[in-house]
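Student: only geometry, no sequence info:
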C-alpha cells in the first residue's frame, strides 16, 4: 500500500492536523515507511503463539467474592436531613 500527497492531505484534514504543502511529501514518505513496517509484521509466523495481555506473566491476587453493605448505615444516616424507616427521606417531586 502506498500513500501519496493527496491521501496525506485528506488524512490530515480528517484528523484536523495542520500539515503545510511543504510537509506533505515528507509525511507521505514517513507514512509509507510505517506501512511497510506493518506489512513486515504480517509476514511473521505466529502459529502456536498464544495472545498475551502483558509482557510479564503475573496473576492478580484473588479475594473471596462476597457482598457486604459495610455496616455503616447508622453513621451515614446521621448526616441525612430527614430519615424514615432507615432510609433517606426526600421531598416528593412529582405530584
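Tutor: Good, I have the coordinates. All of these numbers come straight from a predicted model, not from anything done at the bench. Numbers count the residues shown, from 1 in each chain.

Student: for the protein, which segments count as strands?
Tutor: Secondary structure of the chain by DSSP state E: the strands cover 83-84, 87-88.

Student: possible to save these as a markdown table with distance to residue 4 and mean pLDDT?
Tutor: From N, CA and C alone the C-beta is placed, and that goes for glycine too. Formatted as a markdown table, the strands of the chain follow (distance: least, C-beta to C-beta, whole Å; pLDDT from 0 to 100):
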| stretch | distance to residue 4 | mean pLDDT |
| --- | --- | --- |
| strand 83-84 | 71 | 93 |
| strand 87-88 | 64 | 92 |
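
Student: of all those, which one is nearest residue 48?
Tutor: The closest of the strands of the chain to residue 48 is strand 87-88. By C-beta to C-beta, the value is 58.0 Å.

Student: what residues does the closest one touch?
Tutor: Residues from elsewhere that reach strand 87-88 (C-beta atoms under 8 Å, 6 or more residues apart in numbering): 77, 80, 82.

Student: kindly recompute the last result at 6 Å.
Tutor: Applying C-beta atoms under 6 Å, 6 or more residues apart in numbering, the contact partners of strand 87-88 are residue 80.

Student: partner strands of that strand, parallel or antiparallel?
Tutor: Partners of strand 87-88 in the sheet, by DSSP bridges, are strand 83-84 (antiparallel).

Student: many thanks, have a good one.
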